[in-house]
Every structure is written in C-alpha cells, then in structure tokens.
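[1] Sequence first, predicted model second:
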Amino acid sequence: MEDYALRLDQVNKVFLSKVKGKGLRASLRSLARPDIRSVHAVRNLDLAVGRGELLAFIGPNGAGKSTTIKLITGILFPDSGKIDVLGLDPHRKRRELAFRIGTVFGQKSQLWFHLPPLDSFHLLGRVYDVPGRTLKERIDELVHVFEIEPLLHQPVRKLSLGERIRCEMAASLIHRPEILFLDEPTIGLDVVVRQRIRDLIRTMNREQGVTIFLTSHDVGDIEKLCRRAVVINGGEVVWDGTVKHLKYSLLNRRIIDLKSDGPIPLDIPGVRTIKATDYSAKLEVDLDTIRLEEAVQRIFASVSVQDINIANVPTEEIITRIYQDTEAGATPGTSSSSSSSSSSNSNSNSNSGSGAEPKGGRPCRA
Amino acid sequence: MKLVDTDLAKLLAQYVKLNLQAAMEYRTAFLTQVFGMMLNNGVFVVFWLIVYQHTPGDIAGWAFADVMFLWSLAALGFGLAHALMGNAFYLSRTIYNGELDVFLLQPKPVLPNLLWSRSIISGWGDVLYGILLFALTQPLDPLRVVAFLAFGGAFAVVFTAVRVIFHSLTFFFGNAEDFAQTAGELALTFSLYPGGVFEGATRWLLHSLIPVAFVAYLPARLFRAFDPGLLAIVLVADIAIVVLGFAVFARGLRRYESGNRIGTRL
C-alpha cells in the first residue's frame, strides 16, 4: 500500500465571476446583460503528499492555494479530477474525513470570541465525539505542549494574536488529526512568537507524527520548517522539490557584496551589477555562464578588494522570480540570459510525493 | 436508525450552554435583551385588550383568549427559533462571506451544527413571555400544556426551515438576505393575527410560500377542537417544509464558493 496522506490527480476547479466595467452605465449594462467569465482557480493539479511530511504549499495571492486546501478538505467540490485524502474522497466522505484532519486558518477562528479557550475546547470535544476522560487527558497534554495554562480561563477577545494562534492550534489538535492544514499560521505575529509557533509546528510533526500542509507567505516559515516546497501559480503546480534545492540550486546564482578603495569597473561575462556606488557593488553571478571561483578570481584581478561577501540568492527572491517567470510564460529556474534550465533541476526529491522536477510555467488564467 | 441522535442532542445542549455563557459575559446587555423583549411583547396584550373592549363579540370567529393563545404560541416558537437556531437569521451572510467553511470542516451535519452555533439572546425573553402568557390566559390541564409546548417546538423548527429555504437562495442568486428577512418578518407578523381575517390570495400565501397556517392557525384550531385529520395535515405539512429546507440547503451547498473574509466566532 502506498503511504500517501493525500493525492490529487488532474483536479480542476472553475469559478464563474461577473465582470463589470467602471461607472453607473456599466452597472446598468451588467444588470441587463451580465458578463460572466470563468476563472480557472485550479488547473490539472497533480500533487502527492506522503504521511509525516511537512510540506510548504506556496504561491502569490490568487494562485489557488486556498482553493486547493478547500478542495482537499471537502469544503469545495472539484469540477473534475480525483482527490484522495487518507484513502477517502473528501466530498463523499466529508464527515468521516473531518475526524481525521485538522485546520488552522490564521484569518478565521474556531474559538468563541467572548469565552475562554477551555470552553471552546470542550465544545470541540463534543463536535468530534471525544469521550469525557479522553478529552480531559488530551486538553492537559495540549495545554502542556502549547504552554497555554495561563490563557485557558481568559476570554479569547483578551488574548494577544500570538496567544490566540497557540490556542487555535491546540483546538485543531483536540481530536488527534492525522493531517493538519495550516493556512498562514504566522500572519501578523512578531518574530519571537513566530519562532515559537514554528517550534510547535515542528514538534507536532516530529513527535506526534502529524502530516503538515503549510501555506505561508513568510519565507522564514518555509526555510525553517519544511523539507519540501510546492509552488503554485495560476492554479498549476509550477515547482515541486526540496527547499534546499529551491534555495541553493534553482536559479544557480550567487550574490557578491563587494567593497573596494576605488571605483569598481567590471566587465565580466556572467557577472551582472545589481547596484553600485563608487566604492561598493552588489553583483549577481550566473553560474551557468561562469564558475564562481573564476568569477571571484577575475574580480580580484580587476579591483582592489577591501571586503567581500558571497551569498545565495535570498529564498524570497527566488520565489518571487518563480512567480514572475510563470506569469511571463518562462520556465521557472531559467534566466533571461540562459536558454536552458539549471542542470541541478534534475535533482530528485528525497521525499515521497510527486517528484521534484520543476514544471514549465505558462500563462494559465482563463 | 436511532429516532434521536444522542450525540447531536448533546451537541445542541453544549451549544445552548455555551451561547448562554457567552451572552452572560455582558450581564446588563443580557438582562436588557431578555426582559426588554418581554416588556415589548407585553405592550401588545394591552393593544388587543383595547381592541376587544371596543369590538362586540369575536373577530372573525377568534375570541380574546384565542388571540392570546396565538400570541403565546408565536412567542414561544419564535423565541425558541431565535434562542436555539439563531444562525438561521444570519444564514445569507454566512454563505456570502464564506463562513460555512468552519462547519464543513467539522464531522457533524452542516445545517444543524450551523443553526445551533449562534443564539439570539432576546429569544429567551420571547420564550419566557410565551409561557407566562399561556399560563395566565389558558386553562392549564397537562395535555394542553404538553400540546402547547409541542406546537411551540414545531413552530420553531418550521419557522427556521422557512428561513433556511429563503436564505439558501443566496447560494443561487448571490445575496437573498433582504428577501429572506422580509419573508421572515412577514411570517412572524401574520402569525400574530387571527387567521380568519385573511382571505383570497393572502390566505393562499399563508398556506404555501409563508406557511404560517400550519404552525399557528391550524394548531390554534386544534386547540379549540381536536380533530385527528387536521392534526395529520399539520404534521405532514410541517415535515414537508422541514424536509424542503434541508433539501434546498443541500442543493445550494454544492454551489458554495467559500471566501477569504477575516473573521471570528461571536
């Protein structure tokens, strides 16, 4: 038996949307003859996530992330394709599946605003048919893990956002779900609390064996937590591989920060000046064109170097580039100066799943 | 199949408890809503007293006590609907704001879970008022008390089902909130007046689109003179309306498009 937590096979979801021009006249026209257009929110989506994985599911706003989660959790019906979550069809077996999955939507709360979290925990225990004694033990366990003892008796409205999210996560685990969907769990949190939440997510994954399906716009969440990342744009998976691969190999570039005691006139093929002043420069080295060692040697030969720092392209920038490339119709991981994608793109994914090959991006909005 | 799902019954009890707890967080608002509603309803008794003092005999066959029965039944039913199934009132906005997600992610039947999750606290004022008015204006033999409570429960469920039907149109038309609210208000208003005064198209309306007859007028007739045939008609009609409510909601749910509104549970 394949050990998948979930599999999506050629899943499509189209929304109908009314389009209206500007002004009253357009509104009147729209009233008489509405211009209905279809928006392909999810297009031929294939995805497999192994049990126990901690997956980052990322994409720009409107990419189809939330729609995908809603399809997987049974909130939305797919127009076509097959979805299998823990061996169940989420739409035919919604209630059966609900016992086995948990969700935390950073923007939506399942706690009662005017009541202390403990009351909501007891309600959720009832919703998930957790017997009384088991519920008490489970609440004690979660209170210990999430360190929420002092918060249990305060109305949720009086909790800080970080405290509330900790309680939300505890609430979502009351019924011991096998998969936890976290949609922007760190949104709006300060750096210290964000780190705390990340530690808790890691604990849930490693110690409790919960499969985590994480969406986030925070690159730190992805870098620090996830081994595998799936990038979605225009409703399609445009990249699927390890975060390490994403970070170190995909764009095959390095950033060099340089300081010198004089002007920095550089003309080295494969080395592009991103930003320069009289005595400093930020350079981007294209490793498909020139080896890093050679680039550094030629820089040292041309300029009197006072200080040098070589770094990978920040992950945030890589992800932005993937979004831009797919929207422009290029293949993610290819640069404008290089016609072939990075050779390292063929690295295999060590996780179970649908493989690490980056997929060619193309414009995909209807 | 179990006649009563004990897990669901326990969930309803938990919701009632939690909603009362949440309302009592604001003591003054809670007391004002409950007792303010009783006072508000009390004013109408004075109004009907004045009407009957100036009207010789009955109004379309309805004596003062009959109208008071109608009022107590409507107050009990309407109050129970608001207190126990208050989210029906907000169903349209729950749909168009994409707030059904929470209920779709839980392993309980969506509609009951959704309806029970919110209480309109003033409904408890209506419930108390309905019971008090019944106790003060009607003969109190046990059978009549049980029948009154049963008809009150049926009123609540059917009234909620009618709301669900109209609000579920939001799934199909984008926003049917105003239409549904108007229909709900019409149902309540018609249920407070003697059925005999309505004729023609209005009478037809009250047996179909706004089926007040089956939860108010006909139970009132049964209360005056029991008729097994009439009771059967009432039961069949009530069950049909509730089944229709579930069916329209389930049909609409397939068209649900969710949303990304930021929100909390109140």
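    Nice, I can see it.

[2] now residue B:140, what's its secondary structure?
    Under the three-state scheme (DSSP: H, G, I helix; E, B strand; the rest coil), residue B:140 adopts coil.

[3] What about residue 149, how many residues nearby?
    Because you didn't say which chain, this covers chain A. 10 (other Cβ atoms under 10 Å in any protein chain shown). Every C-beta, even on glycine, is put in place using the N, C-alpha and C of the backbone.

[4] ah, I was thinking of chain B
    16.

[5] Mind pulling up the pLDDT for it?
    pLDDT, residue B:149: 97.

[6] Run through the residues that contact residue 214.
    Using chain A here. By Cβ atoms under 8 Å, 6 or more residues apart in numbering or on different chains, the contact list for residue A:214 reads A:54-57, A:182, A:185, A:201, A:221-222, A:225-226.

[7] Wait, chain B was what I had in mind.
    B:158, B:207, B:233-234, B:237-238, B:241.

[8] Could you report the distance from the residue nearest to residue A:64 when sequence neighbours are not counted to residue A:9?
    Spatial nearest neighbour of residue A:64, chain neighbours left out: residue A:235 (4.0 Å); criterion: Cβ to Cβ, 6 or more residues apart in numbering or on different chains. Going from residue A:235 to residue A:9 by Cβ to Cβ, to the nearest Å gives 15 Å.

[9] next one: residue A:73
    Distance from residue A:73 to residue A:9, by Cβ to Cβ: 17 Å.

[10] who has more neighbours, these two?
    residue A:73 (24 against 14).

[11] In the chain, what helix or strand scores lowest on average pLDDT?
    Going with chain A. helix A:315-328 (a mean of 72; mean pLDDT, DSSP states H and E).

[12] not what I meant, chain B
    strand B:263-265 (a mean of 50).

[13] Smallest distance to chain B belongs to which residue of chain A?
    Going by Cβ to the nearest Cβ, chain B is nearest to residue A:98 of chain A, at 3.8 Å.

[14] which element is the closest residue to residue B:151 other than its chain neighbours on?
    Nearest residue to residue B:151 in three dimensions, chain neighbours excluded: residue B:219, at 4.2 Å (Cβ to Cβ, 6+ apart). Here residue B:219, judged by DSSP states H and E, is contained in helix B:217-224.

[15] if we can go back for a sec, make a markdown table from the contacts of residue A:214 and add neighbour count to it.
    Output for the contacts of residue A:214, formatted as a markdown table (neighbours: other Cβ atoms under 10 Å in any protein chain shown):
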| residue | neighbour count |
| --- | --- |
| A:54 | 23 |
| A:55 | 26 |
| A:56 | 23 |
| A:57 | 27 |
| A:182 | 28 |
| A:185 | 27 |
| A:201 | 24 |
| A:221 | 23 |
| A:222 | 25 |
| A:225 | 23 |
| A:226 | 25 |
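
[16] ok, and the most crowded of the contacts of residue B:214?
    Result: residue B:158 is most packed of the contacts of residue B:214 (other Cβ under 10 Å), 26 neighbours.

[17] Could you check which helix or strand contains that residue?
    helix B:142-167.

[18] could you point out which element follows that helix?
    helix B:169-173.

[19] Mind giving me the packing neighbours of that next one?
    Using 3 or more Cβ pairs under 8 Å, 6 or more residues apart in numbering or on different chains; DSSP states H and E, the elements in contact with helix B:169-173 are helix B:91-96, helix B:177-191, helix B:228-253.

[20] looking at the ones you listed, which is closest to chain A?
    Across the helices and strands packed on helix B:169-173, closest to chain A is helix B:228-253 (Cβ to the nearest Cβ), at 9.1 Å.

[21] Would you tell me whether the closest one gets close to chain A?
    No - counting by Cβ under 8 Å from any Cβ of the partner chain, chain A has no neighbours in helix B:228-253; the shortest distance is 9.1 Å.

[22] Which positions within that helix qualify as buried?
    For helix B:228-253, burial by neighbour count (16 or more other Cβ atoms under 10 Å in any protein chain shown) applies to B:234, B:237-238, B:241-242, B:245-246, B:248-249, B:252-253.

[23] Please apply the same query to stretch B:86-98.
    Buried residues in stretch B:86-98 (16+ other Cβ under 10 Å): B:86-92, B:94-98.

[24] Same question for stretch B:122-141.
    B:122-131, B:133-134, B:137-138.

[25] Just put these in CSV and tack on distance to chain A and pLDDT.
    Listed next are the buried residues of stretch B:122-141 as CSV, based on distance: Cβ to the nearest Cβ, whole Å; pLDDT from 0 to 100:
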residue, distance to chain A, pLDDT
B:122, 17, 92
B:123, 17, 94
B:124, 17, 94
B:125, 19, 93
B:126, 22, 94
B:127, 22, 96
B:128, 23, 95
B:129, 25, 94
B:130, 27, 96
B:131, 27, 96
B:133, 31, 95
B:134, 32, 96
B:137, 37, 93
B:138, 37, 93
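
[26] Good, we can wrap up now.
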